[in-house]
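A.B. asks: need the 3D shape of this:
(chains A, B and C)
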Amino acid sequence: MSSYSLIIRTATAIMVPLLLLFSISLLIRGHDEPGGGFIAGLVASSAFSMYLFAFDADSTKKFLKVNSRILMGVGLLLAMIAGFIALAFGQEFLTAQWLYIALGNLGTLKLSTPLLFDIGVYLVVLGTVTTIIIALAKSEDA
Amino acid sequence: MMQAVLLPIALPMLAGALCMVFWFQPRLQTYLSILSAVLVMLSAVWLFALHAELGILVLQLGGWQAPFGISLVADTLAMSMVLIASIIYLGTLIFSLASQSKTSLRYGYLPLLNLMVAGVMGSFLTGDIFNLYVWFEIMLIASFGLLILGGEKAQLRGAIKYVAMNLLSSALFLTAIGLLYGMVGTLNMADVAVKLQAIEDQRLIIIVSMLFMVAFGIKAAAFPLFFWLPASYHTPAVAVSAVFAGLLTKVGVYVLFRFYTLIFTQDLDFTHHSILLWAGILTMVIGVLGAAAQMSIRRILSVHIISQIGYMLVALAIFSPLAIAGGIFYIIHNIVVKTNLFFISGIIYYQRGSYELKKLGGLYKDSPWLAIFFLLSALSLAGLPPLSGFFAKFIVISAIVAERDWWTLFFAVAVSLLTLFSMLKIWSYAFWGKKPEISEDSPMPRLTGQAYWMWVPVTFLAVTSLGMGLAAEFFFQYAQQAAYELLHPHHYIQAVLGE
Amino acid sequence: MILIMAFLIGSMYAGAIYMMMRRSIIKLVMGLIILANATNLLIFTVAGPLRRGAPPLIAEGSIVPDQLVADPLPQALILTAIVISFGVLAFAVVLIHRVYEVIGVDDMNNLKDDSE
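C.D. replies: From the prediction side, this is the model:
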């Protein structure tokens, strides 16, 4: 599976940070513009897939740092917490909650449970896709 | 208080998420799962208490009023299913303490099981058709994972068929959802039921209802769509087989009960009295004949699931208050008994290292209690008094008699006798037969925990089946209440849409 | 337009069913992929977004949208269905890969119960 092509390796070195940054920008703008957790998660996992093509399954695992199943679990947990926060305010499960923080000249920072939910989705998608590609790549290697 | 409706879905899901977070600590996962199962059971009881006070419970997720948001609805049928499913959930977890191998725990047995249960609970409680699709898929993906856990050849072979048929069913389900949405512009079940009354062209409704019936028929393993079941259910670990047998096909039946009492009752003569009735009868007959031909305990039990589904479909098809109540009683009874028979087959397997009837024998002498529990469950399945199966069959059959449908009656009684035959076959080979020489080449399966954990759920479920028979009237009252709610859908609709 | 879509969806369903009835396992999965896409197109067509409309956003301060908007629900349904079929099919691909490794042939006939 591991390719030693210089072109892919060089491209990976440039593309992976770009893709990861792009995925985060997609994630954050996703609330009222095109983007969101799912698509951002796919972009991020495409970065890891690219890394996998350039190197191999084990180094991708190392590059990911966290076990991808745990990533899935944390994501699911975050998404559920986003739903439960509304209960603390006496509203129905999943009702969106907003927190406005004034930052002086910089404007207001709007934090919300939908954002938390989206981060959860992002992690679940990233975890799922990396689990699958690493499993496929490993069985190819063996 | 309405938030209680959320608990049976949220708790297993939370447990599933936490199990994934603690991926490398199987012991912690086990504790979390058992805690979640106990809490789900308590919340189901709480639902019953709330229902007695407030009537049908409805939760509008995110504060979006129906029909715009997703509603979760707990009527008597849904609550009963949640309660019985939580018992099976807990029972399976306890059984797994002894039987689940370390490798399967390392490869995510518990996260998958929890997520599957969350999907099952979601399917029971949702009041939105698209949301139902999502829960079905969660349940399905988790069940795929459970089915191939271990990766044996037979499992993979079964899994391909299971996956293919279930994905086909999902695609048909989604097609039907699309067409339905095109017709009425809503997917809230209560709202769909109201809006369909205003549609003049009945033909399109019938087409859509048939698409739903095929989709759910595949899930429920109804004739002629059951082929995936005998190909796959006997392959995974025994705890997985048991929870599949107890819950998965019943979700299909539950959804049929929901849809064909609430939404599609326009043309009873066609949908219920001809198609569902004959599908039910044939399911019953083919299932029992298929079981009679098998020579391995787990296969007999798997194929038997199909036959039992037939009774439930016939009860739905007759569509009288008595029949629906009987059908609901039957579902609950069948979940208990079927799961227990699978658990017992598991104990046999761990004692003798085989499911093949020819390699078994002498179990009555070796472990008389197992024989008693088996007999309790098997005779209950066949419908002998005073066990739960007798009353389940008795109610359904008296509903058939009340309709003067003699052919159905004939098949129902004949299938019942053949069921007894299959169960006695297991009895006479495995329990009464002579103990065969232990062959040296077949390695014995090793337990990973204390064997007594396997006996806890078996005892409990056997006693439950006996109790459901002895206190049949108490349970039947609930079944009647559930049937009343199903046959008078305006209560449901009013509760959801709030007019 | 709707006629073209009807023919397109019909032929996709037909193609998918044909693929699924072949003996090859790879083709089975390809059939399932086509089936999932055909279903999404069906929702897209039947549920009405072929009509043009503005994005269903309500201006700040008003209660109803001030112009004709497209129905957002079918798009949400399709998006969800795509996500789900993505997950399920990814699983199916891993599964057939495993099956191919263990059994070694891409032929349904080798999946019979007793073909040891």
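
A.B. asks: quick check: buried residues in stretch B:20-37?
C.D. replies: Buried residues in stretch B:20-37, counted by 16 or more other C-beta atoms under 10 Å in any protein chain shown: B:Met20, B:Val21, B:Phe22, B:Trp23, B:Pro26, B:Gln29, B:Thr30, B:Leu32, B:Ser33, B:Ile34, B:Ser36, B:Ala37. In short, each C-beta sits where N, CA and C put it, glycine included.

A.B. asks: and the fourth one, what element?
C.D. replies: Element membership of B:Trp23 [criterion: DSSP states H and E] is none; it lies in no helix or strand.

A.B. asks: would you confirm that it contacts A:Leu71?
C.D. replies: No: the pair B:Trp23 / A:Leu71 is not scored as a contact, 10.0 Å apart, by C-beta atoms under 8 Å.

A.B. asks: hmm, back to that, of all pairs in the buried residues of stretch B:20-37, which one is the farthest apart?
C.D. replies: B:Trp23 and B:Ala37 (19.7 Å; C-beta to C-beta).

A.B. asks: from the chain's centroid, how far away is stretch C:54-63?
C.D. replies: 31 Å (C-alpha atoms, centre = their mean, to the nearest Å).

A.B. asks: backbone phi and psi for the residue positioned nearest the centre of chain C, please?
C.D. replies: Centroid-nearest residue in chain C, with C-alpha atoms, centre = their mean: C:Ala36, separated by 1.9 Å. As for C:Ala36, its main-chain torsions (degrees, to the nearest 10) stand at phi -60, psi -40.

A.B. asks: B:Val285 too?
C.D. replies: phi -70, psi -50.

A.B. asks: do A:Leu111 as well
C.D. replies: A:Leu111 adopts backbone torsions of phi -110, psi 140, taken as degrees, to the nearest 10.

A.B. asks: SS state for the residue nearest to it when sequence neighbours are not counted?
C.D. replies: Distances taken as C-beta to C-beta, 6 or more residues apart in numbering or on different chains place A:Leu99 nearest to A:Leu111, at 4.4 Å, with adjacent residues excluded. Of the three states, A:Leu99 takes strand under DSSP: H, G, I helix; E, B strand; the rest coil.

A.B. asks: so A:Leu99 makes contact with A:Thr108?
C.D. replies: No: assessed by C-beta under 8 Å, A:Leu99 is found out of contact with A:Thr108, at 10.1 Å.

A.B. asks: packing partners of the helix-or-strand element of chain C with minimal mean pLDDT?
C.D. replies: Least confident helix or strand of chain C, by mean pLDDT, DSSP states H and E, is helix C:72-103 with a mean of 86. Helices and strands touching helix C:72-103, as assessed by 3 or more C-beta pairs under 8 Å, 6 or more residues apart in numbering or on different chains; DSSP states H and E, comprise helix A:113-141, helix B:129-148, helix B:153-184, helix C:25-46.

A.B. asks: what helices or strands is the second one leaning on?
C.D. replies: Judged by 3+ C-beta pairs under 8 Å, 6+ apart, helix B:129-148 is in contact with helix B:109-125, helix B:153-184, helix B:238-243, helix B:249-262, helix C:72-103.

A.B. asks: got the residues of chain C near chain B?
C.D. replies: For chain C, the contact set with chain B under C-beta under 8 Å from any C-beta of the partner chain comprises C:20, C:25, C:28, C:32, C:35-36, C:38-40, C:42-43, C:46-48, C:71, C:73-74, C:77, C:80-81, C:84, C:87-88, C:91-92, C:95-96, C:98-99, C:102-103, C:108, C:111-113.

A.B. asks: low pLDDT regions in chain A?
C.D. replies: Residue ranges of chain A with pLDDT under 70: A:1-4, A:140-142.

A.B. asks: I'd like to know how many residues surround the closest residue to chain C within it.
C.D. replies: Ranking the residues of chain A by distance to chain C (C-beta to the nearest C-beta) places A:Ile132 first, at 5.0 Å. Using other C-beta atoms under 10 Å in any protein chain shown, A:Ile132 has 18 neighbouring residues.

A.B. asks: how close does it sit to B:Met20?
C.D. replies: Plainly put, A:Ile132 is 15 Å away from B:Met20 if you go by C-beta to C-beta, to the nearest Å.

A.B. asks: likewise B:Ala215?
C.D. replies: According to C-beta to C-beta, B:Ala215 and B:Met20 sit 30 Å apart.

A.B. asks: cool, C:Gln75 as well?
C.D. replies: Distance from C:Gln75 to B:Met20, by C-beta to C-beta: 30 Å.

A.B. asks: also B:His273?
C.D. replies: In this structure, B:His273 and B:Met20 are 47 Å apart, going by C-beta to C-beta.

A.B. asks: swap in A:Ser59?
C.D. replies: The gap separating A:Ser59 from B:Met20 is 24 Å, by C-beta to C-beta.

A.B. asks: close to chain C: what parts of chain A are there?
C.D. replies: A:Phe38, A:Thr128, A:Val129, A:Ile132, A:Ala135, A:Leu136, A:Ser139.

A.B. asks: one more time with 10 Å, if that's ok
C.D. replies: Within chain A, the positions near chain C by C-beta under 10 Å from any C-beta of the partner chain are A:32, A:36, A:38-39, A:42, A:121, A:124-125, A:128-129, A:131-133, A:135-136, A:139-140, A:142.

A.B. asks: can you narrow the residues you listed to ones near chain B?
C.D. replies: With C-beta under 10 Å from any C-beta as the criterion, these include A:Val124, A:Thr128, A:Thr131 near chain B.

A.B. asks: quick one, what contacts the first one?
C.D. replies: Contacts here follow C-beta atoms under 10 Å, 6 or more residues apart in numbering or on different chains; on that basis A:Val124 touches A:37-38, A:41, A:71-79, B:17, B:20, C:87.

A.B. asks: out of the residues you listed, which comes closest to B:Val396?
C.D. replies: Nearest to B:Val396 out of the contacts of A:Val124 is C:Gly87 (C-beta to C-beta; 38.9 Å).

A.B. asks: nearest residue to that closest one other than its sequence neighbours?
C.D. replies: For C:Gly87, the closest residue by C-beta to C-beta, 6+ apart turns out to be B:Ile141, at 6.1 Å.
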